[in-house]
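# below is the sequence, then the predicted model.
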Amino acid sequence: MKGVSLQLGPYRFAPALWPTLTFGVVFPILLGLGYWQMHRAGEKQLLVERRATGEVTAPLTLSAGSQLTESDRYRHAVVVGHYVAEQQWLLDNRVYRGQPGYHVFTPFRPDGADAATLLVNRGWIAVGASREFLPALPVTDQHVTLSGRLDSPASVGLVIGEVPLRSVADRVVVQSLDVAALADARGLELLRYALVIDEGQAGGLEYDWSPIPQIGPEKHLGYAVQWFGLAVALLIIYVGVNTRRNGSDGDKHVKA
């Protein structure tokens with residue numbers, strides 16, 4: 001900025017207005033992106049560790065009075081009861097082997113008085129010839145035992161518009177499915193996580209669940225290094241273009 005300078009031995013640091021404004025905007029953004037990627041790496045690492053813990057933890061038996069905590073995510077679980085198939089939710093934009101489809105969530109009532117309802121992720125099913133007609137989703141009404149892994153419904157990107165969680169149609173297509181939001185919208189008592197049933201279970205469809213994040217923690221760390229590297233490069237450029245050796249920019253003393 002004009003009139004602001006710092007003497008550094010034989011050099012003078014005198015930042016101009018526009019480079020300083022640009023630096024003041026871009027530099028914090030680059031740092032913020034770097035710290036955000038580090039945060040994401042920590043989250044992904046936690047998921048990987050929970051998944052590993054779930055592999056060696058004894059299966060959880062879900063029954064009346066069961067309460068799930070955050071540490072139960074990815075844990076193997078077993079439940080006895082029956083499907084409640086009056087309404088099912090189809091989570092859209094689930095691609096399996098290059099084909100678009102849905103994840104099908106069906107309520108399940110564990111045995112026991114006043115047992116909270118459990119959402120069961122029955123697996124993947126193709127969209128079919130047209131989105132105007134939803135696939136048939138028959139499910140047994142018999143008393144069954146299910147086993148699987150506890151997890152949240154798959155997350156999606158930007159959701160445009162209101163998610164129709166209050167709909168009471170027998171099959172509802174949703175772009176996102178949050179268990180707590182669904183419970184609140186429909187006045188249901190739902191367990192915190194859905195049960196992604198194992199292959200070969202009663203009512204199961206195409207099994208395509210994987211707890212491993214598509215982008216692992218090391219990838220996020222790599223992105224963080226890139227953003228921090230850009231921030232350092234910008235700082236070096238900013239200092240470089242605004243630093244001059246004394247007498248090299250037209251400020252030489254003119255002898256009388």
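Good, I have the coordinates. Residues are numbered from 1 along each chain as shown.

# going by C-alpha atoms from here, please, whenever you check contacts or count neighbours.
Noted.

# residue 218 contacts residue 41, correct?
Yes - counting by C-alpha atoms under 8 Å, residue 218 sits close enough to residue 41 to count as a contact (6.9 Å).

# compare those two and say which is more crowded by neighbours.
residue 41 (22 against 14; other C-alpha atoms under 10 Å).

# so which elements touch the host helix or strand of residue 80?
Assigned by DSSP states H and E, residue 80 belongs to strand 76-83. If you count contacts as 3 or more C-alpha pairs under 8 Å, 6 or more residues apart in numbering; DSSP states H and E, strand 76-83 packs onto strand 60-62, strand 99-110, strand 144-151.

# can I get those strands in CSV including mean neighbour count?
Formatted as CSV, the helices and strands packed on strand 76-83 follow (neighbours: other C-alpha atoms under 10 Å):
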stretch, mean neighbour count
strand 60-62, 17
strand 99-110, 22
strand 144-151, 21
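
# picking that back up, and after the strand holding residue 80, which helix or strand comes next?
With elements assigned by DSSP H and E, the helix or strand that comes after strand 76-83 is strand 88-96.

# what helices or strands is that following strand leaning on?
Against strand 88-96 (3+ C-alpha pairs under 8 Å, 6+ apart) you get strand 99-110, strand 171-174.

# give me the mean pLDDT for the first one.
Just to be clear, that refers to strand 99-110. On average, the pLDDT along strand 99-110 is 94.

# equivalent analysis for the last one, please.
Averaging pLDDT along strand 171-174 gives 91.

# can you tell me the helix or strand for residue 25?
Residue 25 belongs to helix 17-56, assigned by DSSP H and E.

# quick one: list the elements packing against that helix.
helix 217-241.

# next SSE downstream of the helix it packs on?
Trace forward from helix 217-241 with DSSP H and E and the next one is strand 243-245.

# report the buried residues of that next one.
The neighbour-count check on strand 243-245 (16 or more other C-alpha atoms under 10 Å) flags 243-244 as buried.

# parallel or antiparallel, list what pairs with that strand.
strand 11-13 (antiparallel) (DSSP bridges).
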